[in-house]
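K.L.:
no sequence on hand, only this structure:
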């Protein structure tokens, strides 16, 4: 699986990364290739053919693909939360109807859960009604719009429980989408979704659980997001060549830290990787000189992507660690 990921990254994703960066969506051929090779099923515990024996292998796979094309990887990785949630759901009908197609990539999923799961007031609320729930509010950053079929969505009810559902990824009377112009990964189809008393029938519900229970496992999602920064750092280091200096050793150390960090230490490991990506991308820009100021260069793309990853999927603990690194030095 890792060998296949390296081949895809070097032969397919990286050669097209600048074209994707300038485009308005990830090529269907990229996503179809990942589906054909089984990459959409890696989060399903029943998928026996993926040959990913441990956390380190899964993180390394994400890193490799992100080093090929962050935008493609960013869209693809949103899918896996829905796969895992559906595999663990007690909604057997939903499992039987959707799990095989999700695992095979015949149907693809995005995610809209951060608006409800973070601490503080939820920007997406759930109101229980006869037959299901009404979802109201905003999901600020939803990726893959126009390239996904289903949306793994969470809203918070008045009792503080999270209501997770698998919704059709389409606009209707209750859901509207506003495209976002991001600093990087612009072809990721990232939008703001607004829910207007959108009815979610009970048969679309994956699970309901207290917010506190969900947050106990939040470190693992932060850990996997951190692999994206290592992929950008690794690509920048490869483009630096002999000028990379000690960055290669730092990347190895950051990779080990991300794999082995306890849940309490994941924010620090995540911050270390993101800061390293920023330094490596900046060094790459300096190495390539004034041409980096022009569009259509990998160095410029990597600087923008590294900046994006400083801010994407952050938490107060990560932000504090990052500010310490950036203002006080290593």
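P.N.:
Nice, thanks for sending it over. Not measured: the values here are computed from a predicted model.
K.L.:
rest of the way, CA atoms for contacts and neighbours
P.N.:
Will do.
K.L.:
so how far is residue 58 from residue 35?
P.N.:
16 Å (Cα to Cα, to the nearest Å).
K.L.:
cool, residue 297 as well?
P.N.:
From residue 297 to residue 58 the distance is 29 Å (Cα to Cα).
K.L.:
neighbour count for the two, which is higher?
P.N.:
residue 58 (19 against 15; other Cα atoms under 10 Å).
K.L.:
may I see the buried residues of the host helix or strand of that one?
P.N.:
Per DSSP states H and E, residue 58 falls inside helix 55-68. For helix 55-68, a neighbour-count test (16 or more other Cα atoms under 10 Å) marks 58, 59, 60, 61, 62, 63, 64, 65, 66, 67, 68 as buried.
K.L.:
and of these, the nearest to residue 2?
P.N.:
Nearest to residue 2 among the buried residues of helix 55-68: residue 61, at 5.8 Å, using Cα to Cα.
K.L.:
pLDDT at residue 329, what is it?
P.N.:
With respect to pLDDT, residue 329 scores 67.
K.L.:
tell me who's in contact with the residue nearest to residue 144 when sequence neighbours are not counted.
P.N.:
Distances taken as Cα to Cα, 6 or more residues apart in numbering place residue 189 nearest to residue 144, at 4.6 Å, with adjacent residues excluded. Residue 189 is in contact with 24, 25, 142, 143, 144, 145, 146, 147, 179, counting by Cα atoms under 8 Å, 6 or more residues apart in numbering.
K.L.:
can you check residue 204 too?
P.N.:
Per Cα under 8 Å, 6+ apart, neighbours of residue 204: 94, 165, 166, 167.
K.L.:
roughly how far does it sit from residue 258?
P.N.:
Counting by Cα to Cα, the gap from residue 204 to residue 258 is 35 Å.
K.L.:
repeat that for residue 168.
P.N.:
Residue 168 is 34 Å from residue 258, by Cα to Cα.
K.L.:
residue 176 is in contact with residue 198, isn't it?
P.N.:
No: Residue 176 is beyond contact range of residue 198, at 10.3 Å (criterion: Cα atoms under 8 Å).
K.L.:
mind showing which ranges of the stretch 1-150 of the chain have poor pLDDT?
P.N.:
Along the stretch 1-150 of the chain, segments meeting pLDDT under 70 span 47-53.
K.L.:
assign residue 208 to helix, strand or coil.
P.N.:
strand (DSSP: H, G, I helix; E, B strand; the rest coil).
K.L.:
what's around the closest residue to it other than its chain neighbours, how many residues?
P.N.:
Take residue 208 and drop its neighbours on the chain: the residue closest to it by Cα to Cα, 6+ apart is residue 163, 4.6 Å away. Residues near residue 163, counting by other Cα under 10 Å, number 26.
K.L.:
and residue 163, bridged to which residues?
P.N.:
Under DSSP bridges, the beta-bridge partners of residue 163 are residue 155, residue 208.
K.L.:
hang on, it packs against residue 211?
P.N.:
No: assessed by Cα under 8 Å, residue 163 is found out of contact with residue 211, at 9.4 Å.
K.L.:
list residues touching both of the two?
P.N.:
With Cα under 8 Å, 6+ apart, residue 163 and residue 211 have common neighbours residue 156.
K.L.:
residue boundaries of the helices in the stretch 151-300 of the chain?
P.N.:
Assigned by DSSP state H, counting those that start in this stretch, the stretch 151-300 of the chain shows helices spanning 211-216, 218-240, 247-260, 266-288, 298-311.
K.L.:
in a markdown table: those helices, plus mean pLDDT, distance to residue 127 and mean neighbour count.
P.N.:
Shown next, in a markdown table, are the helices of the stretch 151-300 of the chain (pLDDT from 0 to 100; distance: least, Cα to Cα, whole Å; neighbours: other Cα atoms under 10 Å):
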| stretch | mean pLDDT | distance to residue 127 | mean neighbour count |
| --- | --- | --- | --- |
| helix 211-216 | 82 | 15 | 13 |
| helix 218-240 | 92 | 24 | 24 |
| helix 247-260 | 97 | 38 | 18 |
| helix 266-288 | 96 | 33 | 24 |
| helix 298-311 | 97 | 31 | 22 |
